[in-house]
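Q: Compute the structure for the input listed below.
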Amino acid sequence: MSNFISKKIVSQFLKFAVIGVLNTGVDLCLLNIMVFFSGYNDGIGYTIQKTASALCAVIVSYLLNKNWAFDDKNSKNSIKKFSAFFMVSLTGMIINVVIASGVVIFLKPLVESSFSKQTFLNDTVWVNLGALAGTAVSMMFNFIGYKLHVFKK
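A: Model (predicted):
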């Protein structure tokens, strides 16, 4: 029984990770499109764009996690389940955006002042490093929240 539970959790986490990669793609694509068209690659403009791109990724994440990773095709209490998913995701998104913005707004100037801007880390690289750092930190929080709170069986 314990072996089955372990295999099931590993399988769910691997599916969750694949979905996470897809969601990261959605997040980064939308973020880079917004940065390209707006020209905002730091400050509050970046934070707003990162919030919008992460929110779109949350919607895609719900649909994929519900129907594939956690195999929860039961439509009973769909609104309640989406609300719980959204609350976990919102908290994860806040963690994601705070970490991403911290990297871009605080770490970038620190690194650039240390290296006198003589690095390969241009604004586009920093935008993406921030987004990836936020994703990495929020990923574990989201999996645990989805597993224990949203899609518990």
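
Q: Which residue lies nearest the spatial centre of this structure?
A: Centroid check for the chain by CA atoms, centre = their mean gives Thr135 as the closest residue, at 4.2 Å.

Q: isn't that residue right up against Thr24?
A: Yes - counting by CB atoms under 8 Å, Thr24 is a contact partner of Thr135 at 5.4 Å. Glycine gets a C-beta too; all of them are placed from N, C-alpha and C.

Q: Pull out the buried residues from the single longest helix found in the chain.
A: Ranked by residue count under DSSP state H, the longest helix found in the chain is helix 2-38. Within helix 2-38, the residues that qualify as buried are 12, 15-16, 19-20, 23-24, 26-28, 30-32, 34-35, counting by 16 or more other CB atoms under 10 Å.

Q: That helix packs against which elements?
A: Counting contacts by 3 or more CB pairs under 8 Å, 6 or more residues apart in numbering; DSSP states H and E, helix 2-38 is packed against helix 43-64, helix 123-145.

Q: Can you classify Asn74 by secondary structure?
A: At Asn74 the chain is in coil, as set by DSSP: H, G, I helix; E, B strand; the rest coil.

Q: Point to the helix or strand of the protein where mean pLDDT is at its lowest.
A: The least trusted helix or strand in the chain, going by mean pLDDT, DSSP states H and E, turns out to be helix 108-115, with a mean of 80.

Q: which other residues reach it?
A: Residues from elsewhere that reach helix 108-115 (CB atoms under 8 Å, 6 or more residues apart in numbering): Asp42, Thr119, Leu121, Trp126, Gly130.

Q: tell me the angle it makes with helix 123-145.
A: Here helix 108-115 runs at an angle of 130 degrees relative to helix 123-145 (axes from the mean of the first three to the mean of the last three CA atoms, to 10 degrees).

Q: buried residues in helix 108-115?
A: Lys108.

Q: next one: stretch 36-47
A: Across stretch 36-47, burial judged by 16+ other CB under 10 Å covers Asn41, Asp42, Tyr46, Thr47.

Q: Just tell me which of the helices and strands packed on helix 2-38 ends up closest to Met87.
A: For these, the distance to Met87 is smallest for helix 123-145, at 8.4 Å, taking CB to CB.
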